[in-house]
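Engineer: From the sequence below, what's the structure:
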Amino acid sequence: GIVNVDGFCFCSKDVQHYVLTHFHGDHTIGLSSRFHWGTLYCTPETAALARANLRVSDKYLREVPLHQPITILGDVQMTFISANH
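Structural biologist: Model (predicted):
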């Protein structure tokens, strides 16, 4: 499978897993209330901003706390860390 990281201009029916690393304009380009492509992984803080500012639906958001590893696609592990900006 494919994981799309901050590439919301490249959403596809072939991709079911998306990651929003943090809420800066250069990372959210293409992300809007029309997002319906799959699960969007992000931190709770980033999810709150995506909901409030871009109206991304809760049904697509998967909140993952900082420093908590998560496994997707069976063998892909990721951990959110602070962007420090």
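
Engineer: quick one: the strands in this structure?
Structural biologist: For the chain, the strands defined by DSSP state E occupy 3-5, 17-19, 39-42, 61-63, 70-72, 76-78.

Engineer: biggest helix in the protein by residues?
Structural biologist: helix 44-49 (DSSP state H).

Engineer: Mind exporting the C-alpha coordinates of it to CSV?
Structural biologist: Written as CSV, here are the backbone C-alpha positions of helix 44-49 (Å, rounded to 0.1, in the frame of the first residue of the first chain):
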residue,chain,number,x,y,z
PRO,A,44,-5.0,15.9,18.2
GLU,A,45,-3.9,19.5,18.0
THR,A,46,-3.5,19.3,14.2
ALA,A,47,-6.9,17.6,13.9
ALA,A,48,-8.6,20.4,15.9
LEU,A,49,-7.1,22.9,13.5
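
Engineer: Report the mean per-residue pLDDT for that helix.
Structural biologist: In this model, helix 44-49 has a mean pLDDT of 97.

Engineer: in it, what counts as buried?
Structural biologist: 46, 47, 49 (16 or more other CB atoms under 10 Å). (Each C-beta comes from the backbone N, C-alpha and C, glycine too.)

Engineer: That one - contacts with which helices or strands?
Structural biologist: strand 61-63 (3 or more CB pairs under 8 Å, 6 or more residues apart in numbering; DSSP states H and E).

Engineer: Partner strands of the strand it packs on and their direction?
Structural biologist: Paired neighbours of strand 61-63 in the sheet (DSSP bridges): strand 39-42 (parallel).

Engineer: Contacts for the partner strand next, please.
Structural biologist: Outside strand 39-42, the residues that touch it by CB atoms under 8 Å, 6 or more residues apart in numbering are 16-21, 50, 56, 60-64, 70, 72, 78, 80.

Engineer: pull the CA atoms of it into PDB?
Structural biologist: Provided in PDB are the C-alpha atoms of strand 39-42 (Å, rounded to 0.1, in the frame of the first residue of the first chain):
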ATOM      1  CA  THR A  39      -8.000   7.900   6.900                       C
ATOM      2  CA  LEU A  40      -6.100  11.100   7.700                       C
ATOM      3  CA  TYR A  41      -3.600  10.600  10.600                       C
ATOM      4  CA  CYS A  42      -2.500  13.600  12.600                       C
END
